[in-house]
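Undergrad: here is my input; please provide its structure:
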Amino acid sequence: MKQQRYDVVIVGGGAAGLSGALALARARRSVLVIDAGEPRNAPASHVHNYLGRESTPPGELLAIGRGEVAGYGGETVEGRVASAEQLPGEKGGFRVVMEGGSTVEARRLLVTTGLVDELPPLPGLAERWGREVLHCPYCHGREVADRPIGVLSTGPLAVHQALMWRQWSDDVTLFRHTGPEPTDEEYEQLAARGVAVVDGEVSGLEVADDRLTGVRLAGGRVIAREALVIQARFTARSAVLESLGLVPVAQEMGGEVIGTYIPTDPVGATEVPGVWAAGNVTRLTEQVIGAAAAGLMAAGAINGDLIAEDTRTAVEARRRG
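TA: Modelled structure (predicted):
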């Protein structure tokens, strides 16, 4: 960190944080990005649906972004933020406290810490996560198209998932596992689309040559599959925002709580003046390109807020002079 006080400190160096940093640096603001180096999409081989960067490896996309931010004078440092606090007095702003105790001050904060995918408690899922164990058809469907796909039911959204993934393959099997039994209407929908339903709990995965080959049932039967769809729970990395008094709320979809997030207005402003949030910490189902767009919108709002403050300060100085 080259200085002790910045116009904006951004906590989180993913697509949202770097996009915000780029816009703010181009607006001639002093910007510091603090990144813990734990991108959510690290297990994935490529980023998809990002216009102009389709199929770019996630690490490469971040490296490009950091370079672009640095080209306009923005700074990026590795580190983990423990907490943040509002500063008293006329100077105001925020103090950001790093693990280890070092601090830096900012006039405004943008928090883009993302979320954590909490996987169902099944042996082998974590090791295949982002490879053949998947959750988003728009992120990964094309890459497993026409292959045997399984859907692990752990909640009421499983039928919806099975019918959605049927778009990419005509060989889809719904494993009942611990999820609720489908309704008569859902059974009819699954049958009409040719989705097989397998009763009984799943005990694990079969892997050969570092590739998923099947799903193993508790009774020992193995059903050949090359991809397995799950419903992860999306938990916002909200500790920094919580240290400022913000409270995460539950998000429901199809009658199921899919995770927690920090509410913001459309441009990312939180209930704490001077604090913005963008990306998956506030929008759980956002893809990479959407997170980048949210970071850009928040940056514009932050710069506008700083302009207003700079103008008030200049007017007061002029009146005194």
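Undergrad: could you use CA atoms for every contact and neighbour count after this?
TA: Noted.
Undergrad: what sits up against stretch 200-215?
TA: For stretch 200-215, contacts defined as C-alpha atoms under 8 Å, 6 or more residues apart in numbering pick out 122-125, 128, 132, 150, 175-178, 216-218, 222-227.
Undergrad: name the nearest residue to I302, ignoring sequence neighbours.
TA: R108 (7.3 Å; C-alpha to C-alpha, 6 or more residues apart in numbering).
Undergrad: okay, the one you found: pLDDT?
TA: On pLDDT, R108 comes in at 98.
Undergrad: so in that sheet, which strands flank the strand or helix carrying it, and in what orientation?
TA: Using DSSP states H and E, R108 falls within strand 103-111. Strand pairing for strand 103-111, determined by DSSP bridges: strand 5-11 (parallel), strand 94-98 (antiparallel), strand 275-277 (parallel).
Undergrad: please point out which parts of that strand sit buried.
TA: Neighbour counts over strand 103-111 (16 or more other C-alpha atoms under 10 Å) mark T103, V104, E105, A106, R107, R108, L109, L110, V111 as buried.
Undergrad: could you point out which element follows that strand?
TA: Heading C-terminal from strand 103-111 (DSSP H and E), you reach strand 115-118.
Undergrad: ok, residues contacting the next helix or strand after that following strand?
TA: Per DSSP H and E, strand 115-118 leads on to helix 125-128 as the next helix or strand towards the C-terminus. Helix 125-128 is contacted by residues L119, V133, L205, L212 when judged by C-alpha under 8 Å, 6+ apart.
Undergrad: these in helices, which ones?
TA: Among the contacts of helix 125-128, no member is found in helices (DSSP state H).
Undergrad: where's the closest residue in space to R107 that isn't next to it in sequence relative to E85, distance?
TA: The shortest distance from R107 to any residue other than its chain neighbours is 4.3 Å, reached at G93 (C-alpha to C-alpha, 6+ apart). G93 is 9 Å from E85, where distance means C-alpha to C-alpha, to the nearest Å.
Undergrad: what of N41?
TA: On the measure of C-alpha to C-alpha, N41 and E85 end up 29 Å apart.
Undergrad: and the top helix by length along the chain, what does it pack onto?
TA: Using DSSP H, we find that the single longest helix of the chain is helix 288-320. If you count contacts as 3 or more C-alpha pairs under 8 Å, 6 or more residues apart in numbering; DSSP states H and E, helix 288-320 packs onto helix 15-26, strand 275-277.
Undergrad: which strands and helices sit next to the longest one?
TA: Okay, so that is helix 15-26. Other helices and strands packing on helix 15-26, by 3+ C-alpha pairs under 8 Å, 6+ apart, are strand 5-11, strand 31-35, helix 58-71, helix 288-320.
Undergrad: so after the helix or strand encompassing V77, what's the next helix or strand?
TA: Assigned by DSSP H and E, V77 belongs to strand 75-78. Going down the chain from strand 75-78, the next helix or strand is strand 81-86, by DSSP H and E.
Undergrad: buried residues in that next one?
TA: For strand 81-86, a neighbour-count test (16+ other C-alpha under 10 Å) marks V81, S83, A84, E85, Q86 as buried.
Undergrad: and the second one, how far from R66?
TA: Just to be clear, that refers to S83. 23 Å.
Undergrad: before we move on, what about the last one?
TA: Relative to R66, Q86 is positioned 28 Å away (criterion: C-alpha to C-alpha).
Undergrad: so who does G74 touch?
TA: Listed by C-alpha under 8 Å, 6+ apart, the contact partners of G74 are A21, L22, A25, S30, V31, L32, V33.
Undergrad: list just the nearest of the residues you listed to T285.
TA: A21 (22.1 Å; C-alpha to C-alpha).
Undergrad: burial count for the closest one?
TA: Counted with other C-alpha atoms under 10 Å, the neighbours of A21 add up to 35.
Undergrad: can I assume it is in contact with I10?
TA: Yes: with contact defined as C-alpha atoms under 8 Å, A21 reaches I10; the gap is 7.3 Å.
Undergrad: joint contacts of those two?
TA: V31, L32, V33.
Undergrad: only the buried members of these: can you turn that into a PyMOL selection?
TA: This is the PyMOL syntax for the buried subset of the shared contacts of A21 and I10, where burial follows 16+ other C-alpha under 10 Å:
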select buried, resi 31+32+33
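Undergrad: turn the shared contacts of A21 and I10 into JSON lines, including distance to V144 and pLDDT.
TA: Listed next are the shared contacts of A21 and I10 as JSON lines, based on distance: C-alpha to C-alpha, whole Å; pLDDT from 0 to 100:
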{"residue": "V31", "distance to V144": "40", "pLDDT": "98"}
{"residue": "L32", "distance to V144": "39", "pLDDT": "98"}
{"residue": "V33", "distance to V144": "36", "pLDDT": "98"}
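Undergrad: thank you kindly, that will do.
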